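[1] Let me see the structure of the following:
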Amino acid sequence: MDTIASLFSFITWPVSWVIVQFHTMYGAIFGPDTGWAWGLSIVSLVVLIRICLIPLFVKQIKSTRNMQVLQPKMKAIQERYKSDKQRQSEEMMKLYKETGTNPLSSCLPILAQSPFFFALYHVLSAIASNKKIGVIDQSLLDSARQAHIFGAPLAAKFMDSEEKVQALGASLMDVRVVTAVMIVMMSASQFFTQRQLMTKNVDLTVKTPYMQQQKMLMYIFPVIFAVMGINFPVGVLVYWLTTNVWTMGQQMYVINQNPTPGSKAQDQYLTRLLKSVTAHGEVRGRTRRNMVKRIVAKGPDRNDIERKFVTGLAKLGLAAQEDGTVIKSETAVAEAEGGAAQRRQQPKRQTKAQRQTGTAQTGTKDADSTESGSKTSLQKRDAAQDEQPKPAGKPASGSSRQAKSGQRKGPQRPKHPSKK
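    A predicted model of the protein is given here:
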């Protein structure tokens, strides 16, 4: 870790300068040698860096959504060109270019703050070694070494020896308890941040390998942070815990205000929006109007959650417009009532026992109707035969009525005179 941190030594001067400026401000309030002054200086450094990274965070959210939408198309390309890896890569790049998606955008916030993270690690390691670094002179160095957070020095680590911890003016038990609690909190915040993204802000109608990959990372990242955390100084743990909490809060805000289409968060958002429209009769807020505008622009391509929202507006006698507002509409009411009536007319689904009972009853009725029909037809045929008139002058004997054996029935043709 020290070797990696030394690679970013060029940024230690600006990082140390920012920490010293915040320390001067907080030192005037809490005292220059207190852990509050130095701890809040590190927290303020994190906040400043994350504010500067907000544009990258927004790009990360858009890239993650685009990757989720493109997963079915990417899978189709992989299946189509599975024997030609070069063509597969070309088609993937073409798809990214057409949709304006950059797969590396999801890693930009982490990559951008990595230099500051390692620079802070380098600064705190120098403080633990009693070495001046950046703008931190000897007086500031002595002040930082005396600063403790809940009894643990800023430069102490979980794996430090007892002699090294005592040199910083603390006990090994205090250091390990504080660092263990901070490591658990750091890993837990990372887990809940990823879990929040997977359970609330993912389109549940799309099942892709990307979702499985993100689900695995949800469990892998906390373990990585827990293993690495035992080698982080207390000040670095403060830095990383703060950035995790910031990320979780920032992501929660984005999910609540601009959820992914088809996700559980969108269902909750549109439910709140429908309640607001019901209470006020209008769409309040530019963000909400933009959401309604996007739903109207989709037209027939809306998902089930968006159709449910449009139907809810129609039941209120309202129709969404292209500019994101709603107006009164009698047509919308009629369509909603017609759709409800059509749904009411649909028969209820029967159970298996009911279907079997109905089939048996139908078979019995069919057999009865067939038997009665056959009896009726026989009776009709007998009656028709009785009503036929009998030919006059014919004997009623059975021998005359029946033809002789080998003789054709019906009137006989007279024989030729030569054959008599």
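[2] got any ranges where this protein has weak pLDDT?
    1-9, 64-65, 67-69, 71, 102-108, 202-214, 330-420 (pLDDT under 70).
[3] hmm, 50 instead?
    340-344, 367, 369-370, 373-378, 380, 383-384, 390-406, 420 (pLDDT under 50).
[4] show me where it has strands.
    Counting by DSSP state E, the chain has strands at residues 148-149, 152-153, 318-320, 326-328.
[5] starting at the chain centroid, how far to the first one?
    What that stands for is strand 148-149. 40 Å (Cα atoms, centre = their mean, to the nearest Å).
[6] Out of the strands of the chain, which is the most enclosed?
    strand 152-153 (a mean of 28; mean count of other Cβ atoms under 10 Å). All C-beta atoms are positioned from the backbone trio N, CA, C, and that covers glycine.
[7] Not counting it itself, show me its contacts.
    A128, R145, A147, V165, L168, G169, A170, D174, V175, V178, T179, V234 (Cβ atoms under 8 Å, 6 or more residues apart in numbering).
[8] The first one contacts A167, correct?
    Just to be clear, that refers to A128. No - with contact defined as Cβ atoms under 8 Å, A128 does not count as touching A167 (9.1 Å).
[9] re earlier: need the strands of the chain in a markdown table (columns: distance to H122).
    Output for these, formatted as a markdown table (distance: least, Cβ to Cβ, whole Å):
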| stretch | distance to H122 |
| --- | --- |
| strand 148-149 | 19 |
| strand 152-153 | 17 |
| strand 318-320 | 55 |
| strand 326-328 | 57 |
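[10] if we can go back for a sec, so A128 and A167 - more neighbours on which side?
    Applying other Cβ atoms under 10 Å to A128 and A167 shows that A128 carries more neighbours, namely 22 against 15.
[11] which residue packs closest to that one, ignoring adjacent ones?
    Nearest non-adjacent residue to A128, counting by Cβ to Cβ, 6 or more residues apart in numbering: A155, 3.3 Å away.
[12] Restricted to helices, list the contacts of strand 152-153.
    Mapping the contacts of strand 152-153 onto helices (DSSP state H) picks out A128, R145, V165, D174, V175, V178, T179, V234.
[13] Closest one to A28 out of those residues, please.
    Checking the ones in helices among the contacts of strand 152-153 against A28 with Cβ to Cβ, the nearest one is R145 at 20.2 Å.
[14] how far away is the closest one from Q190?
    For R145, the distance to Q190 equals 30 Å [Cβ to Cβ, to the nearest Å].
[15] ok, these two, which is more surrounded?
    Q190 (24 against 18).
[16] What segments of the stretch 201-350 of the chain are helices?
    209-229, 234-257, 264-280, 286-298, 304-315, 330-345 (DSSP state H, counting those that start in this stretch).
[17] quick one, which of the ones you listed is packed in tightest?
    Mean neighbour counts for the helices of the stretch 201-350 of the chain (mean count of other Cβ under 10 Å) peak at helix 234-257, with a mean of 20.
[18] counting contacts, what elements does it pack onto?
    helix 35-52, helix 54-80, helix 108-128, helix 172-200, helix 209-229, helix 264-280 (3 or more Cβ pairs under 8 Å, 6 or more residues apart in numbering; DSSP states H and E).
[19] quick one: which of those helices is nearest T247?
    Closest among those, once you apply Cβ to Cβ, is helix 172-200, at 5.6 Å.
[20] In that closest one, which residues are buried?
    Neighbour counts over helix 172-200 (16 or more other Cβ atoms under 10 Å) mark 172, 174-176, 178-179, 182-183, 185-187, 189-191, 193-194, 196-197, 200 as buried.
[21] Residues contacting stretch 131-143, please?
    Stretch 131-143 has contacts (Cβ under 8 Å, 6+ apart) with 12-13, 15-17, 19-20, 23, 32-33, 38, 122-123, 126-127, 130, 144.
[22] buried stuff in that stretch?
    I133, G134, V135, I136, L140, L141, S143.
[23] Equivalent analysis for stretch 35-42, please.
    Neighbour-count burial for stretch 35-42 [16+ other Cβ under 10 Å]: G35, A37, W38, G39, L40, S41, I42.
[24] thinking again about what came up before, what's the closest of the contacts of strand 152-153 to D323?
    D323 has its nearest neighbour among the contacts of strand 152-153 in V234, at 53.5 Å by Cβ to Cβ.
[25] from memory the closest one sits against A180, does it?
    No - taking Cβ under 8 Å as the definition, V234 is not a contact partner of A180, at 11.3 Å.
[26] how close does the closest residue to V58 other than its chain neighbours get to T260?
    Spatially, and ignoring its direct neighbours in sequence, V58 is nearest to V254 (8.0 Å; Cβ to Cβ, 6+ apart). Separation of V254 from T260 (Cβ to Cβ): 10 Å.
[27] Let me see the contact set for the residue nearest to D267 when sequence neighbours are not counted.
    Excluding the flanking residues, the one nearest D267 by Cβ to Cβ, 6+ apart is I305, at 4.9 Å. By Cβ under 8 Å, 6+ apart, I305 lies in contact with P261, G262, Q266, D267, L270.
[28] This completes my enquiry, with thanks.
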